[in-house]
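Enquirer: Just need the structure, nothing else, for what follows:
(chains A, B, C and D)
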There are 4 protein chains.
Amino acid sequence: MSHTSKASAPKGRLGILTPGMGAVSTTFIAGCIAINKGLAKPIGSLTQMGHITTPDGKRQKISDVVPLQSFENIAFGGWDVHTDNVYEAAVNAKVLDRYMIEQLKPELEVIKPMTAVFDNSYVKNLQGTNVKPEKNKMVLAEALMEDIRRFKEEHNCDRLVMIWCGSTEKYIEESDVHRSLENFEQGLKDNAVDIPPSMIYTYAAVKMGIPYANGAPNLSGDVPAILELAEKTQTPLAGKDFKTGQTFMKTVLAPGLKSRHLGIEGWFSTNILGNRDGEVLDAPENFKTKEVSKLGVLEQILEPELHPDLYGDLYHKVRINYYPPRGDAKEGWDNIDIRGWMDYPMQIKVDFLCRDSILAAPLVLDLAIFLDLAKRAGESGIQRWLSYYLKSPQTLPGEKPEHDLFKQHDNLDAKLLSIAGL
Amino acid sequence: MSHTSKASAPKGRLGILTPGMGAVSTTFIAGCIAINKGLAKPIGSLTQMGHITTPDGKRQKISDVVPLQSFENIAFGGWDVHTDNVYEAAVNAKVLDRYMIEQLKPELEVIKPMTAVFDNSYVKNLQGTNVKPEKNKMVLAEALMEDIRRFKEEHNCDRLVMIWCGSTEKYIEESDVHRSLENFEQGLKDNAVDIPPSMIYTYAAVKMGIPYANGAPNLSGDVPAILELAEKTQTPLAGKDFKTGQTFMKTVLAPGLKSRHLGIEGWFSTNILGNRDGEVLDAPENFKTKEVSKLGVLEQILEPELHPDLYGDLYHKVRINYYPPRGDAKEGWDNIDIRGWMDYPMQIKVDFLCRDSILAAPLVLDLAIFLDLAKRAGESGIQRWLSYYLKSPQTLPGEKPEHDLFKQHDNLDAKLLSIAGL
Amino acid sequence: MSHTSKASAPKGRLGILTPGMGAVSTTFIAGCIAINKGLAKPIGSLTQMGHITTPDGKRQKISDVVPLQSFENIAFGGWDVHTDNVYEAAVNAKVLDRYMIEQLKPELEVIKPMTAVFDNSYVKNLQGTNVKPEKNKMVLAEALMEDIRRFKEEHNCDRLVMIWCGSTEKYIEESDVHRSLENFEQGLKDNAVDIPPSMIYTYAAVKMGIPYANGAPNLSGDVPAILELAEKTQTPLAGKDFKTGQTFMKTVLAPGLKSRHLGIEGWFSTNILGNRDGEVLDAPENFKTKEVSKLGVLEQILEPELHPDLYGDLYHKVRINYYPPRGDAKEGWDNIDIRGWMDYPMQIKVDFLCRDSILAAPLVLDLAIFLDLAKRAGESGIQRWLSYYLKSPQTLPGEKPEHDLFKQHDNLDAKLLSIAGL
Amino acid sequence: MSHTSKASAPKGRLGILTPGMGAVSTTFIAGCIAINKGLAKPIGSLTQMGHITTPDGKRQKISDVVPLQSFENIAFGGWDVHTDNVYEAAVNAKVLDRYMIEQLKPELEVIKPMTAVFDNSYVKNLQGTNVKPEKNKMVLAEALMEDIRRFKEEHNCDRLVMIWCGSTEKYIEESDVHRSLENFEQGLKDNAVDIPPSMIYTYAAVKMGIPYANGAPNLSGDVPAILELAEKTQTPLAGKDFKTGQTFMKTVLAPGLKSRHLGIEGWFSTNILGNRDGEVLDAPENFKTKEVSKLGVLEQILEPELHPDLYGDLYHKVRINYYPPRGDAKEGWDNIDIRGWMDYPMQIKVDFLCRDSILAAPLVLDLAIFLDLAKRAGESGIQRWLSYYLKSPQTLPGEKPEHDLFKQHDNLDAKLLSIAGL
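Expert: Here you go, the predicted structure:
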């Protein structure tokens, strides 16, 4: 590369920490190890396989354009409410086939979750035994920071990133305790009820200057207090909620239908899934957090204010059904009632037989690798260029998130070229 | 508009001529009349409903940015192998509901098809009685030109455009007779077998400087001879094959899957349709023309040469089945076998319950309106910016067509801004 | 017929009364009139089109084997909370195409609903203006009986039947007031809250000896008090809940899968519909009534007690979603997770794009015609042979309903042969 | 059992021989071994899991009512054009997961295919190396009989059955050489072209009195010559073509739709599959054999002669597409265009994500066990009661096959009760 990147070179080892070591996290870790052993390919990962068009019109590998952490030199760790090591958790998750898991057993069984911060009132349908005994939220935050320091030393890491791979917490809205760093730290000390576990993890990471991405729709880093802290510690943030199956498809299809000015009268989305995530979402207060995240995407894409005849009366409904027979093999069925010439109705059905964790795993990897790049490039706060990976991209008050997958991809490419100094 | 458009203002009346006055053409005409009577809306038409982002970041109506022919001042005409007037043909086509058609009867029944140029060897499964008796192809071309002159005068038109809405002809490849205007005109005189009816229409239009778009996958204007003529007569051309249902969806979905670097192992597309188009395509030599058009779109989008692990072995199969129970209500069922992280398989099914003519009608309108704009802006030859509407965009030898719907839309917008002088 | 039927010959005119004159009822009535005018066929009706195998092995028309009311000599009437006549209600229901409705206007607009018995606490999402002002339930019952007498006289009917085509009421369970005729009549006088409107209609009909069928899952006739009355007045009863779309399919598919001993791990059924019925079911207490009715069918068919490995852990989930874009064109999507040899999973998806009222209308006709036959044959109480038409067949306490469509059909045929004296 | 069965008790060991040891046969064998080891269950098998209603109204296990061969005492063998042992063939077939196959390796790798009789002109898309060198068809038949004798001795079998699990041969019709045993044996000696390999296997089995079932649509045993031989040697026969996925569903759904007198305007069935079977069927002459088998089922069920308004114009189309990405995981997509009340159209889509060999394996087992029972009960010739398992049940000339799955099941039960002496 003859150009001068804004980002410093990645030296030494990167540690990737995941609060939550269930299906997504273990699939991510097992995959990275399998890929390093030549047993699998990092399909779905832009950092490993992607290309970008440089200003000279050439198609180049992203990893040749910006200085990314090498895939071979990564350490994996995290926290979970269960004590299962990653081998055991991967077997239980039933995402990967057993024949593959057995080949990775030695590497997986040595990765054991650290004791988690957990609060049953935020995730009703989950019980855990591997939970920190401390009751005070500030004490818990400090315990997490101590975990992180120990992990960094034991695994000889140069840098760290944290990616939330845990459950969806119950729905809460921003309140006073979230509105300034001062309020927030006081709230931690006072055990404020509005501070869920995910926010304690976020605080611990950002306090230490560790980039943080949030794969669930929890508020977590999406509050002024954490943004204030991120600016102070020069920490990049990305959130919220991995854009994996049905919403990913929605943000592909909606721009297509809108491009052609086909009207949309109704969009009905239903999901069946049976993994831990599905069980958690079976509680109405947790489903609400997810529903809000899933419902938001259409309006920004369709611009009903410009096209009232086409999208003014769109009826959008999202349902998630806990359905144990399916396990992690989530299925999203969409029915889209569209209108064409002279208002004639047509229908599109999309049945996406996906695998939740298989779709999420490369997102964990890309968010980790790109956040580490952002940190080395001196970025901090909300990383809008990573909206591409997220169902409900974080924005400043009054700012509209971009949901159109293609525009999100353009923004990601533009940022990479900018970091590359091109 | 304070900017100075490259296109002159549209004065007087525009005549839109369609060879083929079956389901597509009658749905288009009936729709335009219904819209003018306030009974329907021009859904699916960018020229009537679309917006564009001007350089100042504003979203403006396309019709406020470039000088388009007014919708109210259009005359409709065409040719067909059947003598049915447009009212009768619309009733038979069973696309529009009878209650609507009856409200348009007075306007529709006065539009009668002119006698067609037809050759049964090119469209085996169709019989017609309203066919010009002349046998020599040059004589037929001149008869068409005479038809056009008469139509223009009788309907008091200032300008004309021609949009092919006829059947798919049998598969032929470019041969000597198509390679220069001289060869071609000699071929017309000599009744060369390689000149199908659609090419005679194209020749007649382009010879008279009338913009021509080809809604079927027939070779028609996609040969050097017609391009040569188009340059000579300063005529814009657009072809081939309306991008309506399944292929439209494919060029929306494929860019989305590719963006995320999800592998594609197989893409199986099957169609059932029962209209005249379906009957014509039931003949293998006609199906081949359509199949070639439908198969081409994935490779350019997916760049298998850059991503052999993802798209190197893609198995792409397209089937069209004549199935009379369905009439014009075509259904396209796609199964897409994708691969994610660690090569795990997932599946996407798309069932598009569409209506062939409802999807095509606004494309007829937009192509007519935009080609007329191009003519007034001094454009001639292949109009690449109209690739957006076409399954198999015409290109020069060695040039790759753009198939990605979103890039096509960007190109369309860019051209409009350029014509607008912005 | 040389055999001697147990049923007397049908003399004169039959009146069919429907409480509820919305989509189902108007589609039924309009269809009967259209059929009588030669504009349509009674598709879906066994009484009009069906055959039966007589003991001599011949296939004969049902109407040649048992003495059925002639189709030409029927009067239609009913009650509704709206004042729309049947022409207006049919236009609003958007089930039938307008072109057809207009051809039936003279016959439809003279049929006007009688003033309804209605209680908003039982059907929250419905408002009505055409409601009887009386407040006492016994007084309301007597008013209905007066309506019936007047209708019979005005329309010169020999006999009557009543088929409930109204909404699904909120879920209630059998209580003391339903347990004897004495309690019930006292309850009517005392305005007992546990007596919903549908039960008042049922009481009125059965009290007058008029056969009654219940097309909704409401308790209505399915209580000891009504059974007691039915025996007293020698009145045949059939209930509950028309078996139309998704449940009809379920009782076809489940016997098939069970026949082959394919295991079923999960059955997920979701519905989208947007008619008045859908709106009513959007209230949780009304949905519960329907859900109980829909969930019951699998267990009796699959015999999990005999086949614990196959059906012991079946996870059965039914969802109904109010989705206005779809109107009466209900769609039922089923995902069935089956297990084959060695427990390997397979999946069946059934997408039924049905029309609620089109499926229900012939059931209204058949239930009316067959109940009238039953009455003339001296039958009274629960008509088990009509379970064929019902999602939740009424039984005596301790008795299991038959749900398998094929066994239900066998039972229906057996009863017809018995009535025929064959 | 106090009743006296017509069948003698099964003594000693039963040998099951399968010509063709590909996906179906290896899945069958591996499954039987896994079940015997307690690693799997015989799901889908009536002989192992099924119940029957005895005349006293009780539900009893079939194996308690008729004397069936014990599952533990079976030997497996067969022929194939490839030399792979059953372990290798099972790995290649990719039907069973590798983790399971490895647990069965010792038992599977000792089962090696005998050298096959093969003729490339009957199965174009298949090449084999493990093929008998003899050219004369009578010599080949004798070689097969010698194989059988050796197998019986080496595996110490008391009785044998043969189940064809090989490929679909090209379409042929009955001709002179098939019309008598004399012609046929002369044809074998003369190498008559109309005698395909499958018929040579059938001849060898039936000549030795070994019951034979045909899992493919090949003519094989469905000719007068073989029937003549079967009577002579007192051998039971069952054929043709395992009724597994799409056709199984069709014979469940069609009786259901017909029961309700819903009209059927069109039935479109398409399949994608990528196993060896799919490759063979990619050749048009082999597809024709399958197509004829698949198309026949609807007419007998629907009785269009009795219901011309409902089924008189049914358009039935079946497509099979070779699609390698899918392997053995065949998918059948059906679109059924039905008509209801007043001729209103509705649609049913069935997407069956099945596994070809998983569905076929228990049919191999049941046909083997039941044919052995038939032999011991003194039955010979066509076993109509086994039509339940077959897409295209063999009949005598002029006789109509029964296709309705439920009637087929009734016939099977009736025969079992008869054999049981009940």
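Enquirer: so how many other residues sit close to the nearest residue to residue A:234 once chain neighbours are set aside?
Expert: Distances taken as CB to CB, 6 or more residues apart in numbering or on different chains place residue A:380 nearest to residue A:234, at 4.5 Å, with adjacent residues excluded. In short, each C-beta sits where N, CA and C put it, glycine included. Applying other CB atoms under 10 Å in any protein chain shown, we find 19 residues neighbouring residue A:380.
Enquirer: Next, find the distance separating residue A:380 from chain D.
Expert: In this view, residue A:380 and chain D are 45 Å apart by CB to the nearest CB, to the nearest Å.
Enquirer: Residue A:100 now?
Expert: As judged by CB to the nearest CB, residue A:100 and chain D stand 9 Å apart.
Enquirer: tell me the contacts of that residue?
Expert: Applying CB atoms under 8 Å, 6 or more residues apart in numbering or on different chains, we find residue A:100 in contact with A:30, A:34, A:39, A:40, B:342.
Enquirer: quick one: which of those residues is nearest chain D?
Expert: Proximity of the contacts of residue A:100 to chain D (CB to the nearest CB) peaks at residue A:39, which lies at 13.0 Å.
Enquirer: Flag every residue of the stretch 251-400 of chain A that's near chain C.
Expert: Contact residues, the stretch 251-400 of chain A versus chain C (CB under 8 Å from any CB of the partner chain): A:265-266, A:268, A:270, A:272, A:315, A:317, A:319, A:321, A:323-326, A:331, A:333, A:335, A:337, A:347, A:349, A:351, A:353.
Enquirer: ok, now with 6 Å
Expert: Within the stretch 251-400 of chain A, the positions lying close to chain C (CB under 6 Å from any CB of the partner chain) are A:265, A:266, A:268, A:270, A:272, A:315, A:323, A:324, A:325, A:333, A:337.
Enquirer: Whichever of those end up buried, select them in PyMOL.
Expert: To isolate the buried ones among those in PyMOL, judged by 16 or more other CB atoms under 10 Å in any protein chain shown, type:
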select buried, chain A and resi 265+266+268+270+272+315+323+324+325+333+337
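Enquirer: In the residues of the stretch 251-400 of chain A next to chain C, find the pair that's most separated.
Expert: A:265 and A:324 (33.6 Å; CB to CB).
Enquirer: Contact residues of chain A facing chain B?
Expert: Looking at chain B, the residues of chain A close enough under CB under 6 Å from any CB are A:31, A:40-41, A:43-44, A:46, A:49, A:51, A:59, A:252, A:256, A:259, A:261-263, A:306, A:309, A:339-342, A:344, A:346-355, A:358-359, A:361-362, A:405-406, A:409.
Enquirer: List buried residues within those.
Expert: Neighbour-count burial (16+ other CB under 10 Å) applied to those gives A:31, A:40-41, A:43-44, A:46, A:49, A:51, A:252, A:256, A:259, A:261-263, A:339-342, A:344, A:346-355, A:358-359, A:361-362, A:405-406, A:409.
Enquirer: Tell me where the stretch 101-250 of chain A has helices.
Expert: Ranges of helices within the stretch 101-250 of chain A are A:105-109, A:137-154, A:181-190, A:197-207, A:224-233, A:246-259, based on DSSP state H, counting those that start in this stretch.
Enquirer: Please work out which of those helices is packed deepest.
Expert: Mean neighbour count, computed with mean count of other CB atoms under 10 Å in any protein chain shown, is highest for helix A:197-207 among these, reaching a mean of 27.
Enquirer: Quick check: pLDDT value at the most far-flung residue of chain A relative to its centre.
Expert: Relative to the centre of chain A, the most outlying C-alpha is that of residue A:342, 41.6 Å out, by CA atoms, centre = their mean. On the pLDDT scale, residue A:342 is placed at 94.
Enquirer: what does residue A:221 give?
Expert: In this model, residue A:221 is scored at 90, pLDDT.
Enquirer: That one touches residue A:240, doesn't it?
Expert: No: applying CB atoms under 6 Å, one finds residue A:221 not in contact with residue A:240, separated by 7.7 Å.
Enquirer: of these two, who's got more company?
Expert: The residue with more neighbours, out of residue A:221 and residue A:240, is residue A:221; 29 against 24, by other CB under 10 Å.
Enquirer: and the more buried one, what is it in contact with?
Expert: Counting by CB atoms under 6 Å, 6 or more residues apart in numbering or on different chains, residue A:221 touches A:202, A:212, A:214, A:237, A:239.
Enquirer: how near is the closest residue to the second one other than its chain neighbours to chain B?
Expert: Right, the one you point to is residue A:212. Excluding its sequence neighbours, the residue lying closest to residue A:212 (CB to CB, 6+ apart) is residue A:205, at 4.4 Å. Residue A:205 sits 24 Å away from chain B, going by CB to the nearest CB.
Enquirer: cool, and residue A:103?
Expert: Separation of residue A:103 from chain B (CB to the nearest CB): 12 Å.
Enquirer: confidence score at that residue?
Expert: Turning to residue A:103, the model gives it a pLDDT of 94.
Enquirer: List the buried residues in the helix ranked longest in chain A.
Expert: Ranked by residue count and defined by DSSP state H, the top helix of chain A is helix A:356-376. When burial is assessed from 16+ other CB under 10 Å, helix A:356-376 yields the following buried residues: A:356-376.
Enquirer: Off-centre distance for the helix or strand following that helix?
Expert: The helix or strand immediately downstream of helix A:356-376 is strand A:381-382, counting by DSSP states H and E. Computed by CA atoms, centre = their mean, to the nearest Å, the chain-centroid distance of strand A:381-382 equals 15 Å.
Enquirer: Could you do stretch A:231-242 as well?
Expert: Stretch A:231-242 sits 12 Å away from the centroid of its parent chain (CA atoms, centre = their mean).
Enquirer: With adjacent residues omitted, what lies nearest to residue A:173?
Expert: Once flanking residues are discounted, residue A:173 sits nearest to residue A:219: 7.9 Å by CB to CB, 6+ apart.
Enquirer: Apart from its chain neighbours, what residue comes closest to the residue nearest the centre of chain A?
Expert: Centrality entry for chain A: nearest residue to the mean C-alpha point is residue A:215, 2.4 Å, by CA atoms, centre = their mean. Of all residues not flanking residue A:215 in the chain, residue A:242 sits nearest, at 4.5 Å (CB to CB, 6+ apart).
Enquirer: Where do the domain boundaries of chain A fall?
Expert: Using automatic domain parsing, the domain ranges for chain A come out as A:14-242+A:357-420, A:246-353.
Enquirer: Give me the pLDDT value at the nearest residue to residue A:157 once chain neighbours are set aside.
Expert: Sequence neighbours aside, residue A:15 is the residue nearest to residue A:157 in space, at 3.7 Å (criterion: CB to CB, 6+ apart). At residue A:15, the pLDDT value in this model is 97.
Enquirer: again, but for the one 3 residues further on
Expert: Looking at residue A:18, its pLDDT reads 97.
Enquirer: That one touches residue A:78, doesn't it?
Expert: Yes: between residue A:18 and residue A:78 a contact is recorded at 3.8 Å, counting by CB under 6 Å.
Enquirer: what sits in contact with each of the two?
Expert: Between them, residue A:18 and residue A:78 share these contacting residues under CB under 6 Å, 6+ apart: residue A:25.
Enquirer: What residue in the stretch 151-300 of chain A comes nearest to chain C?
Expert: residue A:266 (3.2 Å).
Enquirer: Quickly run through the sheet partners of the helix or strand hosting that residue, with directions.
Expert: Using DSSP H and E, residue A:266 sits within strand A:263-273. Looking at strand A:263-273 with DSSP bridges, its partner strands are strand A:315-322 (parallel), strand A:331-340 (antiparallel).
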